[in-house]
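**Q** Attaching a predicted model along with its sequence, questions to come.
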Amino acid sequence: MKTMGRILLVTGTVVGISVVNPAVTHPAVANSAPDKLVCSPSQNDGRLVGGVCSLPAAQLGRPYEGFILTSRGSGGTFRISAGGPPPGLTVPRQYGAAGTIVAGTPTRQGTFTFSVKGVDQEGEPLAQTYGITVGPPPPLQVSPTGGCRSGTVGAEYEQFFFAQGGVEPWTWSLRSGSFPPGLGLSSPNGPTDQDSALTGTPTATGSFTFTMQVTDSHGDMARSAPCTVTIRA
């Protein structure tokens, strides 16, 4: 290997020698690490097991997002070359510097794997196999679990009930008891809504106890705690 020396002279005295090796490249010039699709707990919550990048688990009927990222944060395009994501989820073919999102609402339980192939914006090849496990939905519940607010004859009344868990759409009904005269169920966004409300204008005094029920699309049911509404004059 040939090296070149540079000798510095000051008033005839040698004060320093700098050696330049032309075979050494400045570290800022080269980036030898190839671009790749990332699978990292700290970046996209992915875990590489047997060559498959397991993305975060999903739940049936619940909105989901999983991220596909590149190590250089470069954009590009890719296609699904084998398998497919869980039914209800989609994978865009193009992605930008922030990556792309596997998103949607899963409609079937199980573990699903799919392989993607593509290139980044500089033409470097990208390939990775991903897996997503879809588990059961959260258990169906109704809130509030305590009592309901009181009302007054002739004054507008409103008491909300909320469904948590289960799989949409939800259907509400009166399971037992009776509503105060003048009040009835009203779903703000239609008859099959996650929320329901007891609304209207009371026409009679008294205490009325009832239990609400919600049923999801899989036939699971949940009931509220007994709710007592007292209507005063």
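**A** Looks like it arrived, so ask away.
**Q** CA atoms for contacts and neighbours, from now on please.
**A** OK.
**Q** Tell me how the protein divides into domains.
**A** Domain assignment for the chain by automatic domain parsing gives 47-135, 141-232.
**Q** With distance to Val38 as new columns, can those be given to me in CSV?
**A** Formatted as CSV, the domains of the chain follow (distance: least, CA to CA, whole Å):
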stretch, distance to Val38
domain 47-135, 5
domain 141-232, 32
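**Q** Reformat these as JSON lines; add mean pLDDT and mean neighbour count.
**A** Formatted as JSON lines, the domains of the chain follow (pLDDT from 0 to 100; neighbours: other CA atoms under 10 Å):
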{"stretch": "domain 47-135", "mean pLDDT": "92", "mean neighbour count": "18"}
{"stretch": "domain 141-232", "mean pLDDT": "88", "mean neighbour count": "17"}
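**Q** Asp35 is nearest to which of those domains?
**A** Proximity to Asp35 (CA to CA) singles out domain 47-135 among the domains of the chain, at 5.7 Å.
**Q** how distant is the closest one from the center of its chain?
**A** 13 Å (CA atoms, centre = their mean, to the nearest Å).
**Q** so how far does that domain reach from one end to the other?
**A** 18 Å (CA to CA, to the nearest Å).
**Q** do the same with stretch 40-56
**A** With CA to CA applied, stretch 40-56 spans 11 Å between its terminal residues.
**Q** cool, and stretch 148-155?
**A** 16 Å.
**Q** contacts for that stretch?
**A** Residues outside stretch 148-155 that contact it (CA atoms under 8 Å, 6 or more residues apart in numbering) are 157, 159, 201-205, 227-233.
**Q** do the same with stretch 177-191
**A** Contact with stretch 177-191 is made by 157, 171-173, 193, 195-204, 206-211, 229, 231, as judged by CA under 8 Å, 6+ apart.
**Q** Go through the domains of the chain and name the closest to Ser40.
**A** Of the domains of the chain, nearest to Ser40 by CA to CA is domain 47-135, at 6.0 Å.
**Q** In helices only, show me the contacts of stretch 148-155.
**A** Nothing among the contacts of stretch 148-155 maps onto helices, per DSSP state H.
**Q** So which of the residues you listed is the closest to Glu122?
**A** Nearest to Glu122 out of those is Gln159 (CA to CA; 58.2 Å).
**Q** and the closest one, how far is that from Leu185?
**A** 10 Å.
**Q** How about Leu55?
**A** Leu55 is 41 Å from Leu185, by CA to CA.
**Q** which SS class is Pro181?
**A** Following DSSP: H, G, I helix; E, B strand; the rest coil, we place Pro181 in the coil state.
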